[in-house]
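Asks: following is a predicted model, sequence given first.
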Amino acid sequence: MTIGAVIGRAVRSRGAWALVVSLCSSGSGLLIAVAVARGSSVDEMGEYGVAAAALVLLTALARSAVTDPLVAMTSTPESRRKLGRASAIGAVGAVVLGAAAFLLGSGYLLVGALAVHGLTMRECTRAVLVARGAITVAVVTEATWLTVTVGAFCGTACGVWDSIAAFAIWAGAGAVLGYGAAWRTGSDLRPSWAATPVPTARSLAFGGDTMIGSGVVQLVTWVATAIGGLPVAAALRGAGTLAGPVTVGLTAARSVLIPRAVDRLDGDRGLRGLARDAALLCGLATPFLVLLAVVPDPIGAGLLGATWPTVRPILVVTAIELFFQLVAAVPETAHRALGAGQRILVLRCITAGARIPLVVLAAPSGVGAVVSCAAAVTAASSMIWWISLVTLAHPRSPSSPRPTTPIGSPS
């Protein structure tokens, strides 16, 4: 095969474009985090970290409850535009964040409250476009957001505006682009739970998975912050910023893993193919994890400013935890492809029941103990996900869920 043919095949690959979309999205997040870190105190960075964690949780909840089941089901392009349920989640999130901003007096939470609905629509339209739709729309949307974020970063670096103004520009641009993408694709903007053709039980199962999984991670962050102070949130957010290249790959992979798992599990060698996918994912990420663990002081201080001394001691353990997140990514998405909502919730409850008390006990000892406990739980849960997948998919019995069964069909 010639070099031109290889390049042409890569250009036509949905996975390659999914990576481009994730690069732009994660690049935006990385730039705004660096802008805030360089232009603020450790406490202000912690305040930003709390707001950013809330936005991540709400947008992930909408994606899990709405777009993941829409993508996994045998659906038409018209049904995948019915995102009224995602709009409803975004609207409720805006009210919750607004109340939190009022109670805590947080400007970052106030910005998040104003932007979360549009950011939710952006996340969900992007997820559908990357998995099944016109991916070029997602590419243009994310590239535009990255361009605006570069401007916000430069304005902060030049002293034109402060950190919270840069955050407002970033969040506001993302929200506007979310509305634009929804309009361009003809997706529902009107909040309506019933408008989305996914059974409520399936949305609650997938959304519960996120709330127990990602939600517990964010809850642990907030609990550790309440015990250890804002420097804990600042350190965790700073480590997440430096881990950007790995999260880019993980986000891109998750965008295509559900439809890929459907195809894999519909064949006779599904588990073997999924294992190869996991090995490839981990192999590609390992060099970046090694670099994350050994970030030099000049680079760390240049990117994170006053937050760097709190981040440096936890990078090795952070890299280890990320590795096990990659190990678990494939079986997690395969469970969703199989529609195993009840099994997902059981597994999440088991891991959450271990994570929360361990972190609460570790929090008084500092952020290093918190991250170490989290990494241990993540490592154990990655093994649990694989064991569970083996019992679900091999051997397949007549009662086993089929990945090709449309959501809403009798099981």
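Replies: Nice, thanks for sending it over.

Asks: I'd like to know how far L271 sits from R260.
Replies: 13 Å (Cβ to Cβ, to the nearest Å). Placement of C-beta: from N, CA and C, glycine included.

Asks: C124 contacts S64, doesn't it?
Replies: No: under the criterion of Cβ atoms under 8 Å, C124 makes no contact with S64, lying 10.1 Å away.

Asks: between L271 and R260, which has more neighbouring residues?
Replies: Ranked by neighbour count (other Cβ atoms under 10 Å), L271 and R260 place R260 first, with 21 against 18.

Asks: neighbour count: C124 and S64, which is higher?
Replies: Set C124 next to S64 and count neighbours by other Cβ under 10 Å: C124 wins out with 30 against 24.

Asks: so what's that one up against?
Replies: 62-63, 66-67, 83, 86, 187 (Cβ atoms under 8 Å, 6 or more residues apart in numbering).

Asks: same question for A175.
Replies: Counting by Cβ under 8 Å, 6+ apart, A175 has contacts 114-119, 122.

Asks: among those, who's most crowded?
Replies: Neighbour-wise, the contacts of A175 (other Cβ under 10 Å) top out at V116, 31 neighbours.

Asks: what element comes up after whatever helix or strand that one lives in heading to the C-terminus?
Replies: Per DSSP states H and E, V116 falls inside helix 107-131. The helix or strand immediately downstream of helix 107-131 is helix 135-157, counting by DSSP H and E.

Asks: sorry, back to before: could the contacts of A175 go into CSV alongside distance to A306?
Replies: Shown next, in CSV, are the contacts of A175 (distance: Cβ to Cβ, whole Å):
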residue, distance to A306
L114, 28
A115, 26
V116, 28
H117, 33
G118, 31
L119, 28
R122, 31
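
Asks: pull out the buried positions in stretch 362-370.
Replies: Neighbour-count burial for stretch 362-370, counted by 16 or more other Cβ atoms under 10 Å, picks out 362-363, 366-367, 369-370.

Asks: let's see which of those end up in helices.
Replies: 362, 367, 369-370 (DSSP state H).

Asks: select, from those residues, the two members most distant in space.
Replies: A362 and V367 (9.2 Å; Cβ to Cβ).

Asks: what is the nearest of the contacts of A175 to G29?
Replies: L119 (11.3 Å).

Asks: pLDDT below threshold where in the stretch 151-300 of the chain?
Replies: Across the stretch 151-300 of the chain, the ranges flagged by pLDDT under 70 are 213-215, 248-249, 251-256, 259, 266-269.

Asks: in it, which spans are helices?
Replies: Ranges of helices within the stretch 151-300 of the chain are 163-185, 200-228, 230-242, 244-265, 270-293, 297-304, based on DSSP state H, counting those that start in this stretch.

Asks: of all the ones you listed, which one is nearest I384?
Replies: Short answer: helix 200-228, nearest of those by Cβ to Cβ, at 12.4 Å.

Asks: just how off-centre is that closest one within its chain?
Replies: 12 Å (Cα atoms, centre = their mean, to the nearest Å).

Asks: what's the pLDDT at the nearest residue to S203 once chain neighbours are set aside?
Replies: Among residues not flanking S203 along the chain, A65 sits closest, at 4.3 Å (Cβ to Cβ, 6 or more residues apart in numbering). Note for A65: predicted pLDDT of 87.

Asks: around the closest residue to A168 other than its chain neighbours, how many other residues sit close by?
Replies: Leaving aside its chain neighbours, A168 sits nearest to V111 (4.8 Å; criterion: Cβ to Cβ, 6+ apart). Neighbours of V111 under the rule other Cβ under 10 Å: 23.

Asks: can you lay out the ones in helices among the buried residues of stretch 362-370 as CSV showing distance to R202 and pLDDT?
Replies: Listed next are those as CSV, based on distance: Cβ to Cβ, whole Å; pLDDT from 0 to 100:
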residue, distance to R202, pLDDT
A362, 35, 82
V367, 37, 81
A369, 38, 86
V370, 34, 84
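
Asks: quick one: which of these is nearest to V96?
Replies: Closest to V96, out of all of those and judged by Cβ to Cβ, is V370, at 24.8 Å.

Asks: correct me if wrong: that closest one contacts A363.
Replies: Yes: if you go by Cβ under 8 Å, V370 and A363 touch, sitting 5.7 Å apart.

Asks: shared neighbours, these two?
Replies: By Cβ under 8 Å, 6+ apart, the residues touching both V370 and A363 are 224, 228, 232.

Asks: which one (most neighbours) among the residues you listed?
Replies: A224 (26 neighbours).

Asks: so what's that residue up against?
Replies: 232-233, 236, 359, 363, 367, 370.

Asks: endpoint to endpoint, stretch 329-343 covers what distance?
Replies: Terminal residues of stretch 329-343 are spaced 16 Å apart (Cα to Cα, to the nearest Å).

Asks: what about that stretch, distance to the chain center?
Replies: Distance, centroid of stretch 329-343 to centroid of chain: 16 Å (Cα atoms, centre = their mean).

Asks: quick check: buried residues in that stretch?
Replies: So for stretch 329-343, counting by 16+ other Cβ under 10 Å, buried means 329-341, 343.

Asks: could you check how far the closest residue to D188 other than its chain neighbours is from V360?
Replies: Nearest residue to D188, sequence neighbours excluded (Cβ to Cβ, 6+ apart): G84, at 4.1 Å. Going from G84 to V360 by Cβ to Cβ gives 38 Å.

Asks: comparing those two, which residue is more hemmed in?
Replies: Between G84 and V360, G84 has the larger neighbour count (other Cβ under 10 Å), namely 19 against 16.

Asks: who's in contact with that one?
Replies: G84 neighbours (Cβ under 8 Å, 6+ apart): 188, 190-196.

Asks: ok so, going back, just give me the closest of the ones in helices among the buried residues of stretch 362-370 to V92.
Replies: V370 (29.3 Å).
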